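[1] model the following, please.
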Amino acid sequence: MALKDDLAAQVKTMFADQWTTRDGRVVPEPSDLKLSNDAIMLSRATVLYADLSGSTRMVDSKKWWFAAEVYKAFLHCAATVMKAEGGIITSYDGDRVMGVFIGDLQTTSAARCGLKINYAVEKIINPALKARYSKTDMVVRQVVGIDTSPIHAARTGVRGDNDIVWVGRAANHAAKLTEINGEARTWLTKAAYDKLDASARMGGNPETNMWKRYRWDQHDDSDIYGSTWRWAI
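    Presented below is the predicted three-dimensional model:
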């Protein structure tokens, strides 16, 4: 069969086949799903994206090995913190990492993770970078986006080369939040903010709200919450 005919047949099947959907209680692996129209639904999951800011400018102006070291340091710290907070790493995409949190305190854990990533960047990565390259003008910065919603997981790709696609508001909105260019380093949708335990909402002495409300002018002027705070590791 010619490649065009094969693609046409496969796409026709994808649009015609009925979906089989079942409830999930854990973050699935690709092997838990079929390549056909098969999905697992999580009644609520919290998605976190951690994205390295300014990476295009960095690779355009710095040596490749310098950029690689920054990538490695950032992704290692972000992923390690994510796992320590109970998140499941679902993908790496160049200069960012995605994680999914489930459970009763999933959004609180994800928010705490975002604040800890900010601590890792400011108190671990940047001091180490400056100690090694004293003349560099590079300052590592990141943006973390977090949202929570029902979400479906489906398997996508081809045999021998496939992964999970996450379909639901949380995955898209968390990713979009990382595009915000502002002072805050960690961003929550209103849905995520409303799910926070007080321990992840208030901090300092005297206690104050660690999150400031903003208007998301890139998305229907909806309420979002940003924070510049750090959570010590």
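[2] CA only for contacts and neighbour counts going forward, please
    Fine.
[3] so which strand or helix has the most centrally placed residue in the chain?
    In the chain, the centroid-proximal residue (CA atoms, centre = their mean) is Tyr49; its distance is 1.4 Å. Per DSSP states H and E: Tyr49 is located in strand 38-52.
[4] that strand pairs with which strands?
    Strand 38-52 sits in its sheet next to strand 20-23 (parallel), strand 96-101 (antiparallel), strand 142-158 (antiparallel), going by DSSP bridges.
[5] okay if I get these as TSV plus mean neighbour count, mean pLDDT and distance to Thr13?
    Listed next are those as TSV, based on neighbours: other CA atoms under 10 Å; pLDDT from 0 to 100; distance: least, CA to CA, whole Å:
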stretch	mean neighbour count	mean pLDDT	distance to Thr13
strand 20-23	12	95	14
strand 96-101	24	96	30
strand 142-158	23	95	14
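[6] how many residues are close by the nearest residue to Thr20 once chain neighbours are set aside?
    The shortest distance from Thr20 to any residue other than its chain neighbours is 4.9 Å, reached at Asp38 (CA to CA, 6 or more residues apart in numbering). Close neighbours of Asp38, defined as other CA atoms under 10 Å, add up to 19.
[7] now do the contacts for Asp38.
    Trp19, Thr20, Thr21, Ala154, Arg155 (CA atoms under 8 Å, 6 or more residues apart in numbering).
[8] Asp147 against Arg44, yeah?
    No: contact criterion CA atoms under 8 Å: Asp147 and Arg44 do not qualify, at 10.4 Å.
[9] what comes up buried for stretch 130-140?
    Val140 (16 or more other CA atoms under 10 Å).
[10] longest helix in the chain, please.
    When the chain is parsed with DSSP state H, its longest helix is helix 64-84.
[11] list of residues touching whichever helix or strand comes after that helix?
    Going down the chain from helix 64-84, the next helix or strand is strand 88-93, by DSSP H and E. Residues from elsewhere that reach strand 88-93 (CA under 8 Å, 6+ apart): Val27, Ala79, Met82, Lys83, Val97, Met98, Gly99, Val100, Phe101.
[12] mind listing what's buried along stretch 78-91?
    Within stretch 78-91, the residues that count as buried by 16+ other CA under 10 Å are Ala78, Ala79, Val81, Met82, Glu85, Gly86, Gly87, Ile88, Ile89, Thr90.
[13] where are the low-confidence patches of this structure?
    Along the chain, the model assigns pLDDT under 70 to residues 1.
[14] and the angle for the strand holding Tyr49 with strand 88-93?
    60 degrees (axes from the mean of the first three to the mean of the last three CA atoms, to 10 degrees).
[15] hmm, back to that, just the CA atoms of the longest helix of the chain, as CSV, please.
    Listed next in CSV are the C-alpha coordinates belonging to helix 64-84 (Å, rounded to 0.1, in the frame of the first residue of the first chain):
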residue,chain,number,x,y,z
TRP,A,64,26.5,24.9,22.8
TRP,A,65,28.1,23.2,25.8
PHE,A,66,27.3,26.1,28.0
ALA,A,67,23.6,25.9,27.0
ALA,A,68,23.7,22.2,27.5
GLU,A,69,25.0,22.6,31.0
VAL,A,70,22.2,25.1,31.8
TYR,A,71,19.6,22.8,30.3
LYS,A,72,20.9,19.8,32.3
ALA,A,73,21.0,21.8,35.6
PHE,A,74,17.5,23.2,35.2
LEU,A,75,15.8,20.0,34.1
HIS,A,76,17.6,18.0,36.8
CYS,A,77,16.5,20.3,39.6
ALA,A,78,13.0,20.7,38.3
ALA,A,79,12.4,17.0,37.8
THR,A,80,14.0,16.0,41.1
VAL,A,81,11.8,18.5,43.0
MET,A,82,8.8,17.4,41.1
LYS,A,83,9.3,13.8,42.0
ALA,A,84,10.0,14.7,45.6
